[in-house]
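Trainee: With the sequence up front, the predicted model follows.
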Amino acid sequence: MSTKMPAVVNYSSEPNSVEIREIPVPTIGDHDVLLAVQAVGVCGSDIHQARGQHSWKVNYPVVLGHEFAGVIAQVGKNVRGFHEGDRVVSETAAVIDQNSPFVRRGLYNLDPNRLGFGAGVDGAMTRYAKVPERILHHIPATLPFTVAALTEPCCVAYNATCGNARILPGDAVAVLGPGPIGLLCASMAKLAGATTLVVIGTAADAGRLRVAQAIGASATLGANGEDAVEWTRSLRDGYGFDVVIDAAGVSGTLKLALDIVRPAGQISKVGWGPQPFNFSLDPLVQKAVTLQGSFSHNWPMWERIISLLSSGHLNLNPILNRSVPLEEWREAFDAMHSGEIVKAVLLPVQ
């Protein structure tokens with residue numbers, strides 16, 4: 001094994017401060033494994049961070065990438081549940097405080113001091129990654145690495161849709177924002193039993209809204225300038241959606257969510273939006289709406305998603321559009337940012 005390897009490194013907070021650099025292969029600790037990365041997904045947050053448009057702390061320089069799957073190349077001396085050659089996926093909580101009250105409750109994803117791959121510590125857009133045993137999951141031989149690498153965004157969508165929202169069979173559900181997470185939320189809502197599933201975007205989202213139709217959306221709005229609020233008045237009894245999943249990357253979509261959710265309905269907000277609101281939250285009170293934030297995921301969700309992917313109940317074919325070598329990371333980032341494709345996966349080893 002070489003002591004150096006190429007990596008996609010975000011080296012500064014200045015926009016577009018990303019390049020391929022040679023970095024050392026990491027040295028693992030007693031409770032870690034060295035993972036030979038076979039596939040790593042490109043997340044919207046990777047693109048935002050690379051363009052300097054993020055709102056979270058980053059420890060520069062850092063290797064990007066937190067959606068990944070691979071084969072264990074080396075194990076620490078205290079690792080018991082995994083062995084060299086095992087096929088695995090990894091969660092994102094690279095560093096946590098075991099004494100945190102959130103960790104003790106199993107909510108390590110909400111620990112304010114956690115450090116995640118690709119921002120707090122080096123991520124997986126490279127050939128080898130150091131991963132603690134506690135966040136590894138076995139995957140079956142029948143699950144391709146390119147699909148397994150997307151376990152993480154599927155878990156984000158699962159938490160937003162089935163963990164922090166309570167979708168019941170027969171519900172009418174709207175998803176705002178047909179990006180990768182929004183489309184995965186639509187898939188989860190369908191699995192959870194939504195009878196009416198509407199995905200809402202803008203004219204720039206025409207291609208992604210067609211993907212929503214392939215997933216099984218009852219209707220898509222926005223490609224032709226449709227008025228979502230007006231459309232909602234024709235839905236069932238005219239009072240709105242039972243559940244609205246806000247997966248857009250702007251703050252203003254929360255106003256639309258409040259406009260189209262029915263009284264006593266739910267809004268699950270998973271999309272980040274750093275902009276000020278500049279509108280009244282009175283409808284939240286008047287309608288007695290439950291507004292729930294949703295962030296990240298935890299261990300049981302990963303096991304559920306691996307089961308759904310392995311069984312074929314969750315089909316990512318409409319969403320997973322492109323797999324390219326690590327060296328073509330820039331083209332993959334640009335294609336996702338422009339909306340040309342929904343989701344790209346990088347392949348560190350060809």
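Mentor: Ah, there it is.
Trainee: center of this protein, which residue is that?
Mentor: Nearest residue to the geometric centre of the chain (CA atoms, centre = their mean): Pro153, 2.8 Å.
Trainee: what sits against that one?
Mentor: Counting by CB atoms under 8 Å, 6 or more residues apart in numbering, Pro153 makes contact with Gly41, Cys43, Glu67, Pro180, Ile181, Leu184, Lys343. The way it works is simple: take the backbone N, C-alpha and C, and place the C-beta from them, glycine included.
Trainee: residues near the nearest residue to the second one once chain neighbours are set aside, how many?
Mentor: For Cys43, ignoring the flanking residues on the chain, the nearest one in space by CB to CB, 6 or more residues apart in numbering is Glu67 at 5.8 Å. Other residues within reach of Glu67 by the criterion other CB atoms under 10 Å amount to 32.
Trainee: follow-up on the earlier one: so when I look at the residue nearest to the centre of the chain, I'm seeing a helix, right?
Mentor: Yes. Counting by DSSP: H, G, I helix; E, B strand; the rest coil, Pro153 falls inside a helix.
Trainee: Let's see the pLDDT reported for it.
Mentor: Reported pLDDT at Pro153 in the predicted model: 98.
Trainee: Just the contacts of Pro153: which are in strands?
Mentor: Gly41, Glu67, Lys343 (DSSP state E).
Trainee: CSV please, covering the residues you listed and showing distance to Lys57 and pLDDT.
Mentor: Formatted as CSV, the ones in strands among the contacts of Pro153 follow (distance: CB to CB, whole Å; pLDDT from 0 to 100):
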residue, distance to Lys57, pLDDT
Gly41, 22, 98
Glu67, 20, 98
Lys343, 26, 97
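Trainee: and of these, the nearest to Phe117?
Mentor: Glu67 (8.9 Å; CB to CB).
Trainee: What distance do you get for that closest one to Ile135?
Mentor: 13 Å (CB to CB, to the nearest Å).
Trainee: Break the protein down into its domains, please.
Mentor: What automatic domain parsing lists as the domains of the chain is 4-150+319-347, 157-293.
Trainee: Out of the contacts of Pro153, grab the one that's most surrounded.
Mentor: Glu67 (32 neighbours).
Trainee: check contacts around it.
Mentor: Here Glu67 is in contact with Val40, Gly41, Val42, Cys43, Ala124, Ala149, Leu150, Thr151, Glu152, Pro153 (CB under 8 Å, 6+ apart).
Trainee: Of those residues, which pair is most distant in space?
Mentor: Val42 and Thr151, at 14.6 Å, using CB to CB across those.
Trainee: follow-up on the earlier one: ok, which of the domains of the chain comes nearest Gly312?
Mentor: Of all those, domain 4-150+319-347 comes closest under CB to CB, at 9.6 Å.
Trainee: how distant is the closest one from the center of its chain?
Mentor: In this view, domain 4-150+319-347 has its centroid 12 Å away from the chain centroid, taken as CA atoms, centre = their mean, to the nearest Å.
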